[in-house]
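[1] Sharing a model that was predicted from the sequence below.
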Amino acid sequence: MRISLVVGILLIPAILIAQKKKSGKFDRLNDTHDMLLSPWGPYSKRYAGISHIPEFKSGIRFDFSVFPGLYRYKPSVPHVLLQSDYFPWESNNDLTKYTFRHELLWKDEAYSDVTYRVIDSATVLVAIRCVNNTALPQYMDVNLMSYLDYPENYPVNTMRLSGSSIWKNAVGYQSLDFAKKGLRDNLVQDGWIAGEARAAEYIDGRAIGSIFGNTKGNKVTYSIALKNDQLKGRISVLYRMKSGSSQTFYTGGLTTEALRLKGTGNFEQISIPYHAAKAGAQLLSFEAEGGSAVEFNGFSIIPEKEASAEIIALEKKFKPAITENIDAKNVILKYQEIAGYYGISWDDAHGIVREFRNDELDYYFKRHVNNHTTKTFIGNDKGNFANVYIRPVELDAHEEKTVYALVCTGKYEYVKKRLGNLNEIKNKVLQGDEKPVVAEVLPEGKKYEFSQKILKATLLTNIMYPVYTANSYIRHFTPGKWYNSLYTWDSGFIAVGLNEISTELAAECINVYTTPEGNQNAFIQHGTPYPVQVYAFFDLWNKTQSKEALAYFYPRLKKYYAFMAGRYGSSNTRRLKSNMLTSWDYFYNSGGWDDYPPQVTVHEQKATKTVAAVANNSYSIRIAKMLRLVAQALKKESDIAEYDKDIKLFSDALQKYSWNDTAGYFSYVVHDEQGNATGHFKDPLSGKDHNMGLDGAYPLLAGICTPEQEEKLIEKIFSPQHMWTPSGICVVDQSAPYFKPVGYWNGSVWMPHQWFVWKAMLDLGRPDLARRIAQKALDIFKNEVDNSYATFEYFSAKTGRGAGWHQFGGLSAPVLSWFSAYFKPGTVTAGFEIWIKDQTFNPAQSEYKANLSLDQTTLARQRSLLVCMNPAFQYQVTLNGKIIKAESPYPGLLQITLPASNKDAALSIIPSKE
């Protein structure tokens with residue numbers, strides 16, 4: 001297989017991002033997977049605060065954090081990877097203003113709310129509100145911490161060259177040819193460059209990994225521009241192999257010498273001569289003889305008479321030059337790694353400048369809290385924290401005070417001048433700081449507002465830099481700060497949640513995981529490859545009707561779907577003759593449920609080649625149906641025919657091989673070595689069907705069940721003897737012999753699959769059951785957040801208490817959808833089978849009109865949608881001019897069930913005359 005790439009400079013400079021924002025709404029997304037936000041934001045992977053990205057190529061980040069504490073008694077170190085008594089508290093929609101609450105005495109007896117406000121691209125105002133709610137005086141202190149952080153694979157060595165010598169990293173190839181087709185050719189994990197390996201010991205932190213040298217005929221080609229003084233010399237190749245191993249690379253183009261490599265376990269260099277006839281672009285190829293694995297780091301072009309390429313240590317230059325001006329209450333920092341300066345000023349008279357020379361503050365800072373005479377704390381010297389120590393902040397009983405700081409960056413003279421503007425900026429902000437406009441919420445939703453505020457702040461501030469993908473360092477929303485990577489499945493739900501906050505951010509989040517035509521990767525995959533991005537886009541369309549988004553995303557999402565459906569590039573998902581899809585070759589998880597019992601057993605029995613789960617067929621059917629609605633809107637008839645074919649094949653396979661009438665579930669399907677279906681997958685201990693759980697009910701979500709199957713599966717989901725628990729829907733049937741009340745997914749309640757079931761109930765015309773799911777989830781989530789301020793991953797089926805990561809945003813994001821659907825006027829919610837062609841609300845949100853398209857691949861049936869209106873009126877609903885009934889559980893919410901039909905329809909809602 002041939003993969004042609006031009007690998008250039010890492011990432012897009014910030015100035016180009018600014019230029020892209022001026023262009024078309026989606027043009028700016030074309031060449032990046034980044035979230036296009038301010039260079040200032042909550043991007044830290046260490047301590048809660050605000051970060052600045054000085055430039056994107058290196059992955060280096062400047063961090064500024066506030067550590068409030070009780071003076072010389074109880075310091076706080078708000079580490080983002082630990083439970084450290086700080087909580088995301090509030091955020092505006094574009095992350096230019098957000099607040100963390102630091103609890104010093106639980107619960108809210110003594111605390112500090114630290115608000116970071118981005119003033120412009122160079123300036124941040126920080127407000128540190130110190131509050132004493134006790135009956136005794138309290139002394140607090142404030143530590144302002146500034147430091148540099150480096151990316152995980154920041155190289156420990158670099159290549160020192162002389163004169164006109166050139167270093168070329170192996171990943172910077174023009175083309176890479178694999179002699180044998182591989183399953184990952186069109187789905188390199190994390191969106192990396194094909195063949196890429198990343199580690200700090202490589203020059204530049206990356207190389208072509210051992211996969212390249214393993215197979216005879218693998219060939220990599222480079223384009224090198226030579227000048228007249230570079231026409232003759234040596235090519236020095238840097239590589240590493242296991243001790244005692246050997247390999248040969250055959251070269252072509254610029255030279256035809258053979259490279260005979262011998263392994264020592266260390267990095268080695270071997271040289272061969274080259275001679276070019278004339279200046280200009282030259283090709284140089286390396287072809288593996290095959291056999292021993294080679295880590296190919298790159299090569300140097302060394303013209304004659306130049307010194308050899310030398311590997312030297314690369315030091316992290318994290319210690320700044322510090323210029324103090326205590327009288328003016330400011331300090332200026334200059335880091336060698338960064339072109340500009342950073343400045344910090346503060347408005348409290350009791351500030352001094354200190355320095356901590358250590359790689360962490362979690363223990364070291366606390367260890368020295370009572371050392372009040374030292375200004376320089378010398379630890380292991382593997383890190384440096386410039387510290388402005390403000391103390392004490394004296395608070396009488398039930399008193400509060402706010403300390404302000406300003407952080408800025410730029411050239412020295414600008415920073416020096418800007419630091420003097422703290423009071424001016426502070427006063428200007430305070431004068432114009434009106435209360436934010438809060439969206440109207442129906443009275444029944446008021447009790448959920450606090451938990452919604454915390455979840456929104458958590459979701460938005462769970463953004464990190466640098467995360468690496470597709471030759472780029474990007475800013476990326478993660479499920480929680482603990483998860484320092486891409487997560488395809490979780491981030492689909494992050495986009496679902498962002499749809500309720502900012503459709504622009506939602507679109508950018510979907511974009512992270514999609515790729516344009518011609519890209520080597522079908523999509524960006526990390527973890528479960530469930531295409532939740534398609535569901536998020538479907539909701540994005542139903543909110544915006546953006547034709548630009550439609551044209552931009554459809555080819556990307558179609559490619560993503562095609563890979564998962566087994567008909568794109570190197571996809572291996574459709575390898576079974578039964579047309580039961582499997583994704584085991586790409587990840588162990590079929591549907592995002594880590595310890596789902598049959599999935600665990602399949603891996604324990606090493607049966608991934610012969611056993612297929614139900615979810616893959618089911619979600620592929622549903623996605624094909626949704627994309628068919630998109631293709632219909634775009635008049636792509638050939639695509640519609642292709643989706644129709646897939647829908648039938650995957651549906652027939654489920655009905656023919658998977659349905660188990662005795663168990664009342666669809667089963668995992670067992671196959672022989674030739675890929676022929678042979679039966680249902682049984683629990684090896686009890687002999688019962690092993691798929692008693694949500695995977696066994698997933699065809700209900702695909703809309704392919706018979707009426708009898710629908711009845712059985714709905715009963716299973718909502719029966720307290722099966723999946724319905726005091727906390728909502730459990731992933732595993734409680735009557736199953738393999739149900740475990742102490743599992744991670746098995747025995748717990750999570751939000752994502754409940755969101756799918758909720759949508760399916762709307763498609764089935766069961767808004768009563770949909771509301772039951774949403775109400776329970778909102779209550780469980782509210783109760784936990786009200787109690788602990790934590791937004792957990794999952795919830796105990798028995799008690800409803802949260803567990804897992806305590807500042808989780810990803811898979812908990814559907815809670816935002818449920819709140820909007822039921823309590824925010826101006827919100828319209830459909831399942832997966834209603835495509836809103838166009839819609840309008842009047843300004844008072846008392847009238848609504850829409851034109852709807854309905855899924856034509858499902859037998860005509862009743863479908864429901866939710867419309868949240870102005871609660872001051874009662875309403876009349878008409879469909880195609882005829883009045884239809886709508887349920888209103890409370891003023892403002894309409895649960896509308898459409899008559900059974902697959903024809904386009906016009907919906908109208910106006911205040912009734914009664």
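    Happy to help now that I have it.

[2] from here on, contacts and neighbour counts on C-alpha atoms
    Will do.

[3] What pLDDT is listed against residue 824?
    According to the prediction, residue 824 has pLDDT 98.

[4] Also residue 312?
    97.

[5] likewise residue 10?
    30.

[6] mind listing the helices for the stretch 651-800 of the chain?
    694-702, 707-718, 752-763, 767-788 (DSSP state H, counting those that start in this stretch).

[7] Between the ones you listed, which one is closest to residue 531.
    Taking Cα to Cα, helix 752-763 is the member of the helices of the stretch 651-800 of the chain nearest to residue 531, at 12.7 Å.

[8] how far does the closest one sit from the chain's center?
    The chain centre lies 22 Å from the centre of helix 752-763; the measure is Cα atoms, centre = their mean, to the nearest Å.

[9] Determine which stretch of the helices of the stretch 651-800 of the chain is the most buried.
    Mean neighbours per residue, mean count of other Cα atoms under 10 Å, is largest over the helices of the stretch 651-800 of the chain for helix 694-702, with a mean of 27.

[10] Now do that one: which elements does it pack against?
    helix 615-634, strand 665-666, helix 707-718, helix 752-763 (3 or more Cα pairs under 8 Å, 6 or more residues apart in numbering; DSSP states H and E).

[11] Now render the ones you listed as CSV, adding mean pLDDT.
    Shown next, in CSV, are the helices and strands packed on helix 694-702 (pLDDT from 0 to 100):
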stretch, mean pLDDT
helix 615-634, 98
strand 665-666, 98
helix 707-718, 98
helix 752-763, 98
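
[12] about what we covered before: as TSV, the helices of the stretch 651-800 of the chain with distance to residue 142 would be great.
    Shown next, in TSV, are the helices of the stretch 651-800 of the chain (distance: least, Cα to Cα, whole Å):
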stretch	distance to residue 142
helix 694-702	50
helix 707-718	52
helix 752-763	40
helix 767-788	24
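
[13] now for those helices, which one comes closest to residue 650?
    helix 694-702 (10.3 Å).

[14] related to what we said a few turns ago, rebuild the helices and strands packed on helix 694-702 as TSV, extending it with distance to residue 738.
    Formatted as TSV, the helices and strands packed on helix 694-702 follow (distance: least, Cα to Cα, whole Å):
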stretch	distance to residue 738
helix 615-634	19
strand 665-666	15
helix 707-718	16
helix 752-763	20
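
[15] of these, which approaches residue 370 most closely?
    Ranked by Cα to Cα, the member of the helices and strands packed on helix 694-702 that lies closest to residue 370 is helix 752-763, at 47.1 Å.

[16] Buried ones in stretch 663-675, by neighbour count?
    By neighbour count on 16 or more other Cα atoms under 10 Å, the buried set for stretch 663-675 is 664-671, 675.

[17] so who does residue 412 touch?
    Contacts for residue 412 (Cα atoms under 8 Å, 6 or more residues apart in numbering) come out as 340-341.

[18] mind checking how far it is from residue 337?
    Distance of residue 412 to residue 337, given as Cα to Cα, to the nearest Å: 15 Å.

[19] Equivalent analysis for residue 32, please.
    Taken as Cα to Cα, the span from residue 32 to residue 337 is 24 Å.

[20] can you count the residues close to the closest residue to residue 499 other than its chain neighbours?
    With Cα to Cα, 6 or more residues apart in numbering as the criterion, residue 499 has its nearest non-adjacent residue at 5.3 Å, and that residue is residue 506. Counted with other Cα atoms under 10 Å, residues neighbouring residue 506 total 25.

[21] How about residue 31?
    Around residue 31 there are 12 residues (other Cα under 10 Å).

[22] Can you name the helix or strand that it falls in?
    Per DSSP states H and E, residue 31 falls between elements, in no helix or strand.

[23] Do you know the pLDDT at it?
    On the pLDDT scale, residue 31 gets 88.

[24] quick one, what contacts residue 340?
    54, 334, 409-412.

[25] right, I mislabeled it, should have said residue 403
    Counted by Cα under 8 Å, 6+ apart, residue 403 has contacts 127-130, 346-348.

[26] now swap in residue 233 and tell me
    Here residue 233 is in contact with 273-275, 301-305 (Cα under 8 Å, 6+ apart).

[27] my read: residue 746 touches residue 598, true?
    No. Residue 746 is beyond contact range of residue 598, at 10.8 Å (criterion: Cα atoms under 8 Å).

[28] any idea which of the contacts of residue 233 is closest to residue 235?
    residue 301 (4.9 Å).

[29] For the closest one, list each beta-bridge partner.
    Residue 301 has the following beta-bridge partners by DSSP bridges: residue 166, residue 235.

[30] so it touches residue 166, yeah?
    Yes. Using Cα under 8 Å, residue 301 is in contact with residue 166, at 4.9 Å.

[31] Which one's more surrounded, those two?
    Neighbour count, other Cα under 10 Å: between residue 301 and residue 166, residue 301 has more, with 27 against 21.

[32] OK, contacts around that one?
    165-168, 233-236.

[33] Looking at those residues, point me to the pair that's furthest apart.
    Top of the distance list for these (Cα to Cα): 168 and 233, 15.3 Å.

[34] which one of the contacts of residue 340 is nearest residue 67?
    residue 409 (21.1 Å).

[35] still on that earlier bit, output the contacts of residue 403 in TSV, with distance to residue 873 appended to each entry.
    Output for the contacts of residue 403, formatted as TSV (distance: Cα to Cα, whole Å):
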residue	distance to residue 873
127	43
128	44
129	42
130	44
346	52
347	52
348	53
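
[36] Adding neighbour count, secondary structure and pLDDT as columns, could you present those residues in TSV?
    TSV is the format used below for the contacts of residue 403 (neighbours: other Cα atoms under 10 Å; DSSP: H, G, I helix; E, B strand; the rest coil; pLDDT from 0 to 100):
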residue	neighbour count	secondary structure	pLDDT
127	20	strand	98
128	23	strand	98
129	17	strand	98
130	27	strand	98
346	26	strand	98
347	18	coil	97
348	15	coil	95
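
[37] Look up how far residue 202 lies from residue 154.
    9 Å.

[38] How about residue 246?
    From residue 246 over to residue 202 (counting by Cα to Cα), the distance is 20 Å.

[39] The two: which has the busier surroundings?
    With other Cα under 10 Å as the criterion, residue 246 and residue 202 differ in neighbour count, and residue 202 comes out ahead with 26 against 17.

[40] That one contacts residue 297, correct?
    Yes. Counting by Cα under 8 Å, residue 202 touches residue 297, with 6.4 Å between them.

[41] need the helix or strand of the protein with the lowest average pLDDT.
    helix 14-22 (a mean of 33; mean pLDDT, DSSP states H and E).

[42] What is the helix or strand following it packed up against?
    Scanning forward in sequence from helix 14-22 by DSSP H and E, the next helix or strand is strand 40-41. Under the contact definition 3+ Cα pairs under 8 Å, 6+ apart, strand 40-41 sits against strand 49-52.

[43] go again using 10 Å as the cut-off
    When contacts are defined as 3 or more Cα pairs under 10 Å, 6 or more residues apart in numbering; DSSP states H and E, strand 40-41 sits against strand 49-52, strand 61-70, strand 110-120, strand 123-132, strand 463-469.

[44] Quick one, which of these gets closest to residue 886.
    The nearest among those, by Cα to Cα, is strand 463-469 at 40.9 Å.

[45] Show the average pLDDT along the closest one.
    On average, strand 463-469 scores 97.

[46] That one pairs with which strands, parallel or anti?
    Here strand 463-469 is paired, per DSSP bridges, with strand 472-477 (antiparallel).

[47] quick one on the thing from earlier: export the helices and strands packed on strand 40-41 as CSV, with columns for distance to residue 215.
    Compiled in CSV, those are given as follows (distance: least, Cα to Cα, whole Å):
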stretch, distance to residue 215
strand 49-52, 44
strand 61-70, 39
strand 110-120, 52
strand 123-132, 53
strand 463-469, 26
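
[48] returning to what we had before: what sits in contact with each of residue 202 and residue 297?
    Residues touching both residue 202 and residue 297 (Cα atoms under 10 Å, 6 or more residues apart in numbering) are 169, 208, 238-240, 267.
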